[in-house]
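**Student:** following is a predicted model, sequence given first.
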Amino acid sequence: MLNIETIYHSYRVGSSIPLSKDQMGVLVQHLKMTPSTTDTALGGRYKSISVNLTNYGPVTIKKYWRGGLIRHLNRDTHVRWGPTRPQAEFDMLNRVRKVGIKAPEPLAYVIRGGPLYQGWLVMQQIENAHTLVELCKLDPAGARAMMDRIGHQVSLLIDNQIYHTDLHPGNVLIDADGACYMVSATMAARHCQIPAPSMAGNGDGIRLLRARPLNLGKNDLDAMAANRLAPVGSFIGGLC
């Protein structure tokens, strides 16, 4: 995937396609907006910002916030140590899409700062979509009917040795056509070696899925290999 880096004012913009100055101007204008807080379970602390980008279409802008206790002192400044968080998620989304996992198409990452930075990720917007949490409330039967499709996406993660330790119902999107998307690869998806299936051993606390939370050890991973929809059932069952 082409990665074009451009400096626009005090922002460093990396993108998969060339962006015009007008497009970057619109993006930067929206980066400065203060997002509203979320009021849904597993919806994150802040809502993403949506904008219609000329000659591209609707996009979602995700800002990277600090978590834990430090967020009370520092909401959005990160320390650069290797790839920045937006660039890492940009690259991971491209990687998982190449192996057939449905995920939002990343358009650009934006960085402001040096060793201390603020960051944003710009993705193609998945229109008319609900999170699995929302779907469970609106249509419980419809959410349960999505298990096969969600299970297929989880199988692709396993088969391609990708861990997504922040995979919970708030990070699964279902569009109007019933397509299932895995979102939020930030700090969560890592390309690792998965142990070969074996029925022996007590495991080492591998976290593959987390649904308030669902922690899987090696024995759980073996069970998933035999019956991959079982964790997805637990994943949904607590909500619907």
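**Tutor:** Okay, I see it.

**Student:** pLDDT of the helix or strand hosting Val51, averaged?
**Tutor:** Assigned by DSSP states H and E, Val51 falls within strand 49-53. Here strand 49-53 scores 92 as its mean pLDDT.

**Student:** just checking, what packs against it?
**Tutor:** Helices and strands touching strand 49-53, by 3 or more C-beta pairs under 8 Å, 6 or more residues apart in numbering; DSSP states H and E, are helix 21-31, strand 57-63. Using the backbone N, CA and C atoms, a C-beta is placed for each residue, glycine as well.

**Student:** the same query, at a cut-off of 10 Å, please.
**Tutor:** helix 21-31, strand 57-63, strand 116-124 (3 or more C-beta pairs under 10 Å, 6 or more residues apart in numbering; DSSP states H and E).

**Student:** may I see the buried residues of the longest one?
**Tutor:** Yep, that's helix 21-31 we're talking about. Buried positions in helix 21-31, judged by neighbour count with 16 or more other C-beta atoms under 10 Å: Gln23, Met24, Val26, Leu27, Val28, His30, Leu31.

**Student:** next one: the last one
**Tutor:** For strand 116-124, the neighbour count (16+ other C-beta under 10 Å) marks Tyr117, Gln118, Gly119, Trp120, Leu121, Val122, Met123 as buried.

**Student:** state the mean pLDDT of that strand.
**Tutor:** Strand 116-124 carries an average pLDDT of 95.

**Student:** partners of the helix or strand that comes right after that strand, with directions?
**Tutor:** Downstream of strand 116-124, the first helix or strand assigned by DSSP H and E is strand 130-131. Applying DSSP bridges, strand 130-131 is found paired with strand 172-174 (antiparallel).

**Student:** and the residue most central in space within the chain, helix, strand or coil?
**Tutor:** Centroid check for the chain by C-alpha atoms, centre = their mean gives Ser184 as the closest residue, at 1.1 Å. Taking DSSP: H, G, I helix; E, B strand; the rest coil as the rule, one finds Ser184 in the coil state.
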